[in-house]
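Colleague: Provide a 3D model corresponding to the input given below.
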Amino acid sequence: MNGLKQMRLKNLKWHKDKNMNAPVQHTTKAFFDRPVVQEKLKELVGKNAPAFATSVLQIVNSNSMLVNADPQTVFSAACMAATLNLPINNNLGFAYIVPFKNNKTNTIEAQFQLGYKGFIQLAQRSGQFSRIAATPVYEGQLLSANPLLGYEFDWSVKPSGNPIGYVAFFKLINGFTAELYMSKEEVMKHANKYSQTAKKGFGVWKDQFEAMALKTVLKLLLSKQAPLSIEMQTAQLADQAIVRDVETNDFDYIDHSESVADLEPPKLTLGDDEFDAALEQLNAGAIDKAYILDGYTLTDAQRVAVEAQ
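Modeller: Numbering: from 1, shown residues only. Have a look, this model is predicted:
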């Protein structure tokens with residue numbers, strides 16, 4: 001795996017003993033206690049293997065659904081985080097192991113999820129970003145939202161009430177900048193489309209909405225605008241996946257059927273002033289027709305006006 005720690009992780013297969021009647025919570029510990037698993041953990045995290053295994057088991061034991069999850073998927077999700085050199089700790093927000101009911105197999109499996117802080121750390125580690133951030137936006141802070149000319153915020157306004165939206169921003173070392181703002185409603189629409197847990201109102205979207213909203217806007221911005229290192233590409237693919245094999249990047253997406261390449265930020269609409277600005281940019285040659293026609297949700301009249309140019 002280029003750019004990542006090389007591991008010789010065989011796809012460990014765990015087969016339940018047909019006569020095993022012990023509670024599942026004991027089988028997860030038994031799985032991690034296996035000599036072959038201990039050996040693989042040592043290859044992955046070295047002398048920190050015992051502490052790593054203990055921290056994973058603590059996460060499992062703190063979640064009633066994870067207690068009953070397939071230990072192989074718990075192990076693989078943990079290995080994915082270790083491969084990316086990100087800590088698994090719900091309080092830190094870099095990476096998570098999340099239980100998910102696989103209705104196809106009627107089993108509970110562990111899903112790897114990256115937090116927005118994990119995306120930021122991987123971006124910083126790539127050496128291509130001079131600045132990257134994501135933050136909630138409150139009433140009075142958003143002054144103007146022009147998708148063509150950029151967004152304007154007044155950060156001197158103190159946060160009050162609940163966020164009205166979320167913004168992500170980055171600046172590369174070559175000076176290129178990009179930003180994406182999504183209203184709270186747009187974030188929820190996106191979440192309901194691509195995550196069954198969000199649509200049904202439970203799981204991390206219910207428990208940690210703000211962190212997931214920040215991750216959503218940041219992930220979309222990076223996937224469409226940023227140069228992605230090998231680590232960042234792997235993280236984009238592994239996010240919200242059941243990790244079947246770390247070494248071969250074998251992932252199953254049971255919470256959503258679309259791959260990361262299919263995830264698109266919502267198309268924005270253009271108000272009258274913004275549309276006039278877009279036409280000026282078009283006539284000046286700064287942008288082409290496809291940029292407007294494909295990038296925005298236009299009214300019939302606006303589409304006719306663009307095509308007539």
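Colleague: Tell me who's in contact with residue 140.
Modeller: By C-beta atoms under 8 Å, 6 or more residues apart in numbering, the residues touching residue 140 are 154, 157, 160. All C-beta spots, glycine's among them, are computed from the backbone N, C-alpha and C.
Colleague: Let's see that with 10 Å instead.
Modeller: 153-154, 156-161, 164 (C-beta atoms under 10 Å, 6 or more residues apart in numbering).
Colleague: which among those end up buried?
Modeller: residue 153 (16 or more other C-beta atoms under 10 Å).
Colleague: mind listing the strands in this structure by residue range?
Modeller: Taking DSSP state E, the strands of the chain run over residues 95-102, 107-114, 129-137, 142-146, 150-153, 165-172, 177-183, 242-245, 250-252, 268-269, 296-297.
Colleague: per-residue confidence averaged over the last one?
Modeller: Right, strand 296-297. For strand 296-297, mean pLDDT rounds to 75.
Colleague: and if you look at the fourth one?
Modeller: Regarding strand 142-146, the rounded mean pLDDT is 86.
Colleague: one step back: closest to residue 174 out of the contacts of residue 140?
Modeller: Ranked by distance to residue 174 (C-beta to C-beta), these are led by residue 153 at 23.8 Å.
Colleague: domain parsing for the protein?
Modeller: 116-229, 268-307 (automatic domain parsing).
Colleague: rewinding a little: any idea which of the strands of the chain gets closest to residue 280?
Modeller: strand 142-146 (12.2 Å).
Colleague: Show the contacting residues for residue 290.
Modeller: residue 306.
Colleague: now it: how far from residue 306?
Modeller: 10 Å (C-beta to C-beta, to the nearest Å).
Colleague: Make TSV out of the contacts of residue 140 and add distance to residue 51 and pLDDT.
Modeller: Output for these, formatted as TSV (distance: C-beta to C-beta, whole Å; pLDDT from 0 to 100):
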residue	distance to residue 51	pLDDT
153	42	94
154	45	95
156	44	95
157	44	95
158	41	94
159	37	94
160	42	92
161	42	92
164	42	96
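Colleague: So which of the contacts of residue 140 is the closest to residue 133?
Modeller: Nearest to residue 133 among the contacts of residue 140, with distances taken as C-beta to C-beta, is residue 153, at 11.9 Å.
Colleague: That closest one pairs with what?
Modeller: Beta-bridge pairing for residue 153 (DSSP bridges): residue 142.
Colleague: Surely it touches residue 136?
Modeller: No - contact criterion C-beta atoms under 10 Å: residue 153 and residue 136 do not qualify, at 11.4 Å.
Colleague: so what sits against both of those two?
Modeller: The contact lists of residue 153 and residue 136 share residue 167, where a contact means C-beta under 10 Å, 6+ apart.
Colleague: before we move on, back to that, can you tell me which of the contacts of residue 140 lies closest to residue 300?
Modeller: The closest of the contacts of residue 140, once distances to residue 300 are taken by C-beta to C-beta, is residue 164, at 29.3 Å.
Colleague: Make sure that closest one is actually in contact with residue 213.
Modeller: No - judged on C-beta under 10 Å, residue 164 makes no contact with residue 213 at a distance of 11.3 Å.
Colleague: Now for the two: what residues contact both?
Modeller: 136, 184.
Colleague: if I look at the closest residue in space to residue 32 that isn't next to it in sequence, how far off is residue 242?
Modeller: Of all residues not flanking residue 32 in the chain, residue 53 sits nearest, at 4.9 Å (C-beta to C-beta, 6 or more residues apart in numbering). Distance of residue 53 to residue 242, computed by C-beta to C-beta: 20 Å.
Colleague: Verify the contact between residue 281 and residue 292 for me.
Modeller: Yes - judged on C-beta under 10 Å, residue 281 makes contact with residue 292 at a distance of 8.5 Å.
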